[in-house]
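Participant: Predicted model and sequence follow; I will ask about them next.
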Amino acid sequence: MIGYVTLGTNDLERAAKFYDAICAEFGVGRMMEFDTFIAWGKPGGGCGVAATKPHDGQPATVGNGVMAAFECDSPEMVDRVYKKAIELGAQDEGAAGPRFDGFYAGYFRDPDGNKLNAFCMTQG
């Protein structure tokens with residue numbers, strides 16, 4: 001099981017504003033914060049997400065084929081998270097909607113270019 005996902009950023013302040021708003025849609029806020037790292041989630045409660053400046057001091061880059069997914073409890077929540085991301089300046093990578101039987105998702109890239117999705121499993 002995944003405990004958390006860390007995404008690189010070259011602008012922690014910008015990433016913080018983006019993830020503050022996205023994570024608020026899930027009812028969670030910041031749970032750890034340092035000069036180069038912020039984590040959102042609920043202590044002891046499932047998977048979280050973090051934005052960090054790379055430890056090696058090199059610029060953050062986007063991994064080709066890498067994606068983190070936010071699990072939502074309904075298609076309506078997927079729609080809200082996707083819409084919020086786009087409002088915050090995320091790049092559209094596929095509007096929210098059914099992808100295949102039983103899977104509903106919206107895809108976007110955060111301000112640093114990290115690919116994300118909001119998804120839920122539905123009854124097919």
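Facilitator: Done, it's in. Residues are numbered from 1 along each chain as shown.
Participant: Output the longest strand belonging to this structure.
Facilitator: In the chain, assigned by DSSP state E, the strand with the most residues is strand 91-100.
Participant: what residues does that one touch?
Facilitator: With Cβ atoms under 8 Å, 6 or more residues apart in numbering as the test, strand 91-100 has contacts from 75, 78-79, 82-83, 86, 104-109, 113, 115, 117-118, 122. Quick note: C-beta positions are derived from backbone N, CA and C, even for glycine.
Participant: And for stretch 33-49?
Facilitator: So stretch 33-49 is contacted by 1-7, 12, 15-16, 19-20, 23, 28-32, 50-53, 55, 68, 70-71 (Cβ under 8 Å, 6+ apart).
Participant: Buried residues in that stretch, which are they?
Facilitator: Of the residues in stretch 33-49, I38, A39, W40, G41, G48, V49 count as buried by neighbour count, 16 or more other Cβ atoms under 10 Å.
Participant: now swap in stretch 114-124 and tell me
Facilitator: N114, K115, L116, N117, A118, F119, C120.
Participant: try stretch 50-70
Facilitator: Buried residues in stretch 50-70, defined by neighbour count with 16+ other Cβ under 10 Å: A50, A51, T52, K53, A60, A68, F70.
Participant: Could I have the CA atoms of the helix or strand hosting the last one written out in CSV?
Facilitator: Remark: F70 resides in strand 67-71, with elements defined by DSSP states H and E. Below are the C-alpha coordinates for strand 67-71, written out as CSV (Å, rounded to 0.1, in the frame of the first residue of the first chain):
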residue,chain,number,x,y,z
MET,A,67,1.0,10.0,-12.2
ALA,A,68,-0.6,10.3,-8.7
ALA,A,69,-4.3,9.7,-8.3
PHE,A,70,-6.6,11.2,-5.7
GLU,A,71,-9.4,8.8,-4.8
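Participant: what's the average pLDDT for that strand?
Facilitator: The average pLDDT within strand 67-71 is 93.
Participant: same thing with stretch 41-60?
Facilitator: 87.
Participant: Wait, M67 touches F119, no?
Facilitator: No: M67 lies out of contact with F119 (Cβ atoms under 8 Å); the separation is 10.5 Å.
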